[in-house]
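[1] A structural model of the following input is requested.
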Amino acid sequence: KQLAAMTEKKAEIKEKKQIKVAPLVTKTTCRTKRMVEIGRVCMINYGEDAGKICVIIDVVDATSALVDGPMSVTGVHRQIVNFKRLSLSPFKLTIQRNQRPKLLEQKMKAAKIMDLWSQTTWGKKIAAQKLKRSYNDFDRFKNMIVHKKQMYLIGREVAALKRALPKQKKAEKKQEKKPEKKKAEKKDTKKKN
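    I've put the predicted structure just below:
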């Protein structure tokens, strides 16, 4: 009986000690602040790698962190970057401290970080800015012509609506006045009788 009780207790302890598997990527909500932590996905906002995505591998001191792209995925090599040059994203990978580049690359591909990044409004805005910077003079000219045509069509529609608005107001006023005239006529006929 004692052996059976001991084995049951051991089984319960093993169940409690089982490792809980964390998700590959967590996204912070508005309520929780983005904090500098190992696994936080960031964008470098200044310097040679500006606009590229990286992951915080280790916190060096109060002002800088060790980051890695990895190079094959984002084009950022392992380096120490000042916090002022990092913009923290809402995504966080579950990785170990000083994760090796191959494992980091596997985890980033499994979590589809680059796809998640490109779906955010922040990522879309940066992609649009890069596209606009890549335009040559003729592309900018074509863009200007398309914009002019759009504004012309919008202006025509707005003008038509403005012209129609006073006519609608006049028609509404006439409808309001007609019932009042009928009431006034009824009162006059009653006085005559």
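
[2] so what pLDDT did A171 get?
    pLDDT, A171: 76.

[3] please report how far it lies from L165.
    Distance, A171 to L165, using C-beta to C-beta, to the nearest Å: 11 Å. Using the backbone N, CA and C atoms, a C-beta is placed for each residue, glycine as well.

[4] now do P70
    In terms of C-beta to C-beta, P70 sits 60 Å off from L165.

[5] comparing these two, which residue is more hemmed in?
    When P70 and L165 are compared for neighbours, P70 comes out ahead with 23 against 10, by other C-beta atoms under 10 Å.

[6] which residues touch that one?
    76, 78, 101, 104-105, 108 (C-beta atoms under 8 Å, 6 or more residues apart in numbering).

[7] looking at the residues you listed, which is nearest Q129?
    For those, the minimum distance to Q129 (C-beta to C-beta) is 18.5 Å, reached by V76.

[8] was I right to think the closest one contacts C54?
    Yes. Shown here, V76 and C54 form a contact pair, counting by C-beta atoms under 8 Å, at 4.4 Å.

[9] neighbour-wise, which of these two wins?
    Using other C-beta under 10 Å, the more surrounded residue of V76 and C54 is C54, with 27 against 21.

[10] you'd agree that one is in a strand?
    Yes. Checked against DSSP: H, G, I helix; E, B strand; the rest coil, C54 lies within a strand.
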